[in-house]
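*Asks:* This is a predicted model, with the sequence first.
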Amino acid sequence: MNNFKINALKLFIIILMCILNSCDTFDSHKHLIGRYYFNHTKFGKCICYKVDDNDDYVELIDGAFSLIGFDSNYIIVERNKDQFFIVPIYKEMNYSPEKGIVGPLNPKEFNEKKKMLKINADFSMNTN
């Protein structure tokens, strides 16, 4: 009977490891606004634009960023304390959503651009 328990435990561990190593186990896709999503996969984080109904996405900003905020016109991203991005939100379908992204900006440039574009967004989402 002891041998049976050991083999069952080994089988359980193998099955658990297969599940944990599958591609989508830890993937998360959070809808931000419109066609814009925050995706966090085992390959990293990114802000994406959903191109069509077949789950095809265009990566707009990827890498190590921590804070996101958005209003009805813009998404703001803090990569670190010294780099910021501004992503315009397209209301109509757009096959080149990466055009128009502003950044990287330093804090002073970011605050000036945010004021000039009348962006009402604050950093409300922590991606860590």
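*Replies:* Cool, got the structure.

*Asks:* the helices in this structure, which residues?
*Replies:* 2-20, 107-116 (DSSP state H).

*Asks:* weakest of those helices by average pLDDT?
*Replies:* Note on the helices of the chain: lowest mean pLDDT is at helix 2-20, with a mean of 63.

*Asks:* if I look at Ala64, how far off is Gly44?
*Replies:* Relative to Gly44, Ala64 is positioned 8 Å away (Cβ to Cβ, to the nearest Å). Heads up, the C-betas are built off the backbone N, CA and C, glycines and all.

*Asks:* again, but for Phe110
*Replies:* Applying Cβ to Cβ, the value for Phe110 to Gly44 is 23 Å.

*Asks:* what is in contact with Ala64 and Gly44 at once?
*Replies:* Common neighbours of Ala64 and Gly44 are not found (criterion: Cβ atoms under 8 Å, 6 or more residues apart in numbering).

*Asks:* partner residues bridging Tyr37?
*Replies:* Bridge pairing for Tyr37 (DSSP bridges) gives the partners His31, Cys48.

*Asks:* just to revisit the earlier point, neighbour count winner among Phe110 and Gly44?
*Replies:* With neighbours defined as other Cβ atoms under 10 Å, Phe110 and Gly44 compare such that Phe110 has more, 22 against 12.

*Asks:* Quick check: which ranges of this protein have low pLDDT?
*Replies:* For the chain, the stretches flagged by pLDDT under 70 are 1, 7-28, 125-128.

*Asks:* Grab the most central residue of it for me.
*Replies:* Taking Cα atoms, centre = their mean, the centroid of the chain lies closest to Phe38, which sits 2.8 Å from it.
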